[in-house]
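Colleague: Have a look; sequence and predicted model below, questions after that.
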Amino acid sequence: MEQHKLMIPGPVDLTPEVLKETGRPPMGHRTPDFDEILTQCWEDLKYVYQTKNDVILITASGTAAMDAAVASTIEEGDEFVCIGSGKFGERFSLIVKSYGGIAKDVPVEWGKTFDVDAVEKVVAKSNAKAITLTHNETSTGVVHDAESIGKIAKEHDCLFILDAITSLGGDEVKTDAWGVDICTGGSQKCLAAPAGLSTVAVSEKAWEVIESNHTKNYYLNLASYRKSLKKNTTPFTPSVNLIYGLSMALKQIREEGLENRIKRHRTLARATRAAARAMNLELFADPGAASNTVTSIKNPEGFTDDGLRGEVKRKFNILMAGGQEHVKGKIFRIGHMGNVRQPELESVISALETVLHDGGHDLEKGAGLAAAREVFKETG
Ligand SMILES: Cc1ncc(COP(=O)(O)O)c(C=O)c1O
């Protein structure tokens, strides 16, 4: 089996310590020792979420956290304003409809961010119970201004549900300061833990709605997670080994410090964009709202997805992500999240330069690497 360097927006490469911890012999999940590990994870997650709210851990991928957020707050016929920023923003709308809710969609052109006034108008015209937003839209490489949506939600007294799955632990997620009521995360992204866990931070305002709601979902009913949380446990059997891995990943985040970690991700993003421009490539995301954890780049003329991404994978063992939905084959995405540092970024840039050069793309070989290095030098 081939092992590729993962330069995709999750799952990400894990540190040896996280891998070792994940492989430890399992322990009983109803024991004081395990309760202690869980409680520490919740505390560490509050640090990453910048919140005093409760944080729930679910044994399932990020979409389960999105599902739980909607299922636990929605009643049939409720209106949710869903900002359709890309594949993941649109997913919220699908979840709302699946529970019999009415999704008031605010479409956003892929690669761009939303117009605050347009969102405000839709919220003002509807009887919105909640507004949903994807903070870091992985499918387009755009980071959205969550703070402005928090203000709208407060003005209109509705819940603010934020998907921070690919920003939590890599970019600024100010859950409390931005007024986020339900904020979702995923283990396999910037948190740099194994895939299979998701996290949900829930405000008091959201708990009031959740606890009076006739929830349609059993396993993902956040109210039952809260009941167990009070007893330092989980309602169902959690993935003990994944939680071992997550606890080590969170310890490593504490050691690095959240501020340093965010700075590192921002530097990586700047270096990636500088390298792309120097390689004569066109960025897909609006430069004013480009993500700090994933960079989307247009496929240059004359290159198929296989001719570019495929060659980088075959020749250099590096995996980048392709485009999704209608931009499939038109863009590729470099994930620079989790444990990525300068050496990993330089490897993918030089691999790209070689494949582009050999394929006849007009570029000065070495210019991409030099541009990235300049950014690293400037930021120290
Ligand atoms: C922004 C965003 N939201 C939600 C998801 C869905 O997460 P999962 O695949 O872990 O269910 C992803 C996955 O890539 C994502 O990038």
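Modeller: Cool, the structure landed.
Colleague: name the element the most centrally placed residue in the chain belongs to?
Modeller: Of all residues in the chain, the one closest to the mean position by CA atoms, centre = their mean is Thr166, 1.2 Å from it. If you go by DSSP states H and E, Thr166 is not part of any helix or strand.
Colleague: contacting residues for it?
Modeller: Pro9, Gly10, His135, Asn136, Thr138, Gly186, Lys189, Cys190, Ser291, Thr293, Val294, Met337 (CB atoms under 8 Å, 6 or more residues apart in numbering). C-beta: built from backbone N, CA, C; applies to glycine.
Colleague: Could you rerun that using 7 Å?
Modeller: By CB atoms under 7 Å, 6 or more residues apart in numbering, Thr166 lies in contact with Pro9, Gly10, Asn136, Thr138, Lys189, Cys190, Thr293, Val294, Met337.
Colleague: and it, how far is that from the ligand?
Modeller: To the ligand, Thr166 is 4 Å away according to CB to the nearest ligand atom, to the nearest Å.
Colleague: which stretches of the stretch 201-350 of the chain have low pLDDT?
Modeller: Within the stretch 201-350 of the chain, no range satisfies pLDDT under 70.
Colleague: where do the strands sit along it?
Modeller: Ranges of strands in the stretch 201-350 of the chain, per DSSP state E, counting those that start in this stretch, are 294-298, 318-322, 331-335.
Colleague: and this structure, what are its domains?
Modeller: Listed by automatic domain parsing, the domain ranges of the chain are 5-9+258-379, 16-255.
Colleague: can you redo the strands of the stretch 201-350 of the chain as TSV with mean neighbour count and distance to Leu19?
Modeller: As requested, the strands of the stretch 201-350 of the chain are arranged in TSV below (neighbours: other CB atoms under 10 Å; distance: least, CB to CB, whole Å):
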stretch	mean neighbour count	distance to Leu19
strand 294-298	25	23
strand 318-322	20	18
strand 331-335	26	19
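Colleague: Near the ligand, which residues of the protein are found?
Modeller: Proximity of the chain to the ligand (CB under 6 Å from any ligand atom) is limited to residues 9-10, 61-63, 88, 134, 136, 138, 163, 165-166, 186.
Colleague: Now for the nearest residue to Thr140 once chain neighbours are set aside: which residues touch it?
Modeller: Take Thr140 and drop its neighbours on the chain: the residue closest to it by CB to CB, 6 or more residues apart in numbering is Gly86, 4.2 Å away. Residues in contact with Gly86 (CB under 7 Å, 6+ apart) are Trp110, Thr134, Glu137, Ser139, Thr140.
Colleague: Determine which two of the residues you listed are furthest apart.
Modeller: Trp110 and Thr134 (12.1 Å; CB to CB).
Colleague: Compare these two (neighbour count), which wins?
Modeller: For Trp110 versus Thr134, the count of surrounding residues by other CB atoms under 10 Å is larger for Thr134: 33 against 25.
Colleague: check contacts around that one.
Modeller: Ser85, Gly86, Phe88, Gly89, His144, Asp163.
Colleague: measure it to Ser291 for me?
Modeller: To Ser291, Thr134 is 11 Å away according to CB to CB, to the nearest Å.
Colleague: Next: Gly186.
Modeller: Look at Gly186 and Ser291: by CB to CB, they are 15 Å apart.
Colleague: what's the span of stretch 212-231 from first residue to last?
Modeller: One end of stretch 212-231 to the other measures 21 Å (CA to CA, to the nearest Å).
Colleague: try stretch 188-207
Modeller: Taking CA to CA as the measure, stretch 188-207 stretches 26 Å from start to finish.
Colleague: Tell me how far it lies from the chain's centre.
Modeller: The chain centre lies 10 Å from the centre of stretch 188-207; the measure is CA atoms, centre = their mean, to the nearest Å.
Colleague: Next, the buried residues of that stretch.
Modeller: Neighbour counts over stretch 188-207 (16 or more other CB atoms under 10 Å) mark 188-203, 205-207 as buried.
Colleague: The stretch 251-380 of the chain: helices as residue ranges?
Modeller: For the stretch 251-380 of the chain, applying DSSP state H, counting those that start in this stretch gives helices covering 258-278, 305, 311-316, 342-358, 367-379.
Colleague: got CSV for those, with mean neighbour count too?
Modeller: CSV is the format used below for those (neighbours: other CB atoms under 10 Å):
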stretch, mean neighbour count
helix 258-278, 21
helix 305, 16
helix 311-316, 17
helix 342-358, 19
helix 367-379, 17
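Colleague: Now render the ones you listed as a markdown table, adding distance to Leu38.
Modeller: As requested, those are exported to a markdown table (distance: least, CB to CB, whole Å):
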| stretch | distance to Leu38 |
| --- | --- |
| helix 258-278 | 21 |
| helix 305 | 42 |
| helix 311-316 | 38 |
| helix 342-358 | 31 |
| helix 367-379 | 37 |
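Colleague: contacting residues around stretch 63-72?
Modeller: 58, 91-92, 95-96, 99, 161, 163, 182, 184-185, 198-200, 210, 213, 215-217, 220-223.
Colleague: Now, of those residues, which are buried?
Modeller: Looks like these have 58, 91-92, 95-96, 99, 161, 163, 182, 184-185, 198-200, 210, 213, 215-216, 220-222 buried, using 16+ other CB under 10 Å.
Colleague: need the contact list for the nearest residue to Arg266 once chain neighbours are set aside.
Modeller: Closest residue to Arg266 apart from its sequence neighbours, by CB to CB, 6+ apart: Asn292 at 4.9 Å. Contact analysis of Asn292 by CB under 7 Å, 6+ apart lists Val143, Gly170, Asp171, His265, Arg266, Ala269.
Colleague: separation between the fourth one and the ligand?
Modeller: This points to His265. His265 is 15 Å from the ligand, by CB to the nearest ligand atom.
Colleague: And for the third one?
Modeller: For Asp171, the distance to the ligand equals 12 Å [CB to the nearest ligand atom].
Colleague: In the stretch 151-300 of the chain, what residue comes closest to the ligand?
Modeller: Ile165 (3.8 Å; CB to the nearest ligand atom).
Colleague: got a list of what that residue touches?
Modeller: Gly62, Thr184, Gly185, Gly186, Lys189.
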